[in-house]
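Undergrad: below is the sequence, then the predicted model.
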Amino acid sequence: HSQPIWKAYLAAFVARYKGTKVERSRELFRQAIEASGSKSATLYLQYASFEESYGLSKNVMTILASGASHVPQEEKMGVYSQYLKKASDFYGVAKVRSIYQQAIEEEPPVGLDDEGVKTMCLRYAGLEKKLGEIDRARAIIRHGSQLANPKQPNCGYWDEWRKFEEQHGNEETFREMLRCKRSVAIYFSEANQATNHNVGMSGQGRDDGSDKAAAVD
């Protein structure tokens, strides 16, 4: 409940003092983020915007990196988008690549969930495609495909890979995409079967216990 108050107060403080009280502003932003449990994307973005206007670019990056790690899953992509944009503005492609790589490799809860990783892989691959790095783009798409169940409704990941191969691949790379798709489908099928088997065994165990209890009664 304190977040709206902090946001309004910080906005008013920065509007009044601008860059004349930088350290005090930083202190207030840190207090606000701590009070939110480091969960407010808006506060991280406010703080980063303040640093961009009146502070240091390296601080902008540090703030956004922290935000990407700490905010809830539903807000991570928004922070990452800003993080990537500022990396491009301040440092160029090498830094952007390192952030993408971090985003697709880190495990939740610090990292993105599976849906976020798939989205980020396609964006990362899009960057590499623009740079003419087709093999790198394909490797990134393949990395994300491990999380894309082909039998899941509305799973568009494989359509994106197919379009990529139609535009930039050849017969062999297209076949490799199909082989990978079959392999991933088998993996998910076996994982689902194992899960269902474990659930069934768990239920059977509870039934056995109930029968024994009934026999004792």
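TA: Received the coordinates, thanks.

Undergrad: low-confidence ranges, this protein, go.
TA: By pLDDT under 70, the low-scoring segments of the chain are 1, 195-217.

Undergrad: next, the buried residues of stretch 91-99.
TA: Lys95, Val96, Arg97, Ile99 (16 or more other CB atoms under 10 Å). Backbone N, C-alpha and C define where each C-beta goes, glycine included.

Undergrad: just give me the closest of these to Ser66.
TA: Using CB to CB, Ile99 is the member of the buried residues of stretch 91-99 that lies nearest Ser66, at 13.0 Å.

Undergrad: checking the residue nearest the centre of the chain next. Helix, strand or coil?
TA: The centroid of the chain falls nearest to Leu112 when counting by CA atoms, centre = their mean (3.0 Å). When classified by DSSP: H, G, I helix; E, B strand; the rest coil, Leu112 comes out as coil.

Undergrad: helix, strand or coil for the nearest residue to Cys155 once chain neighbours are set aside?
TA: Of all residues not flanking Cys155 in the chain, Ala148 sits nearest, at 5.7 Å (CB to CB, 6 or more residues apart in numbering). Under three-state DSSP, the three-state class of Ala148 is coil.

Undergrad: isn't Ala148 right up against Lys118?
TA: Yes. Using CB atoms under 8 Å, Ala148 makes contact with Lys118 at a distance of 5.9 Å.

Undergrad: how much space separates the residue nearest to the centre of the chain from Gln3?
TA: To Gln3, Leu112 is 23 Å away according to CB to CB, to the nearest Å.

Undergrad: ditto for Gln46
TA: The value you get for Gln46 to Gln3, if CB to CB is used, is 11 Å.

Undergrad: so the residue nearest to Lys86 when sequence neighbours are not counted versus Lys85, what's the distance?
TA: Nearest residue to Lys86 in three dimensions, chain neighbours excluded: Val60, at 5.5 Å (CB to CB, 6+ apart). Going from Val60 to Lys85 by CB to CB gives 10 Å.
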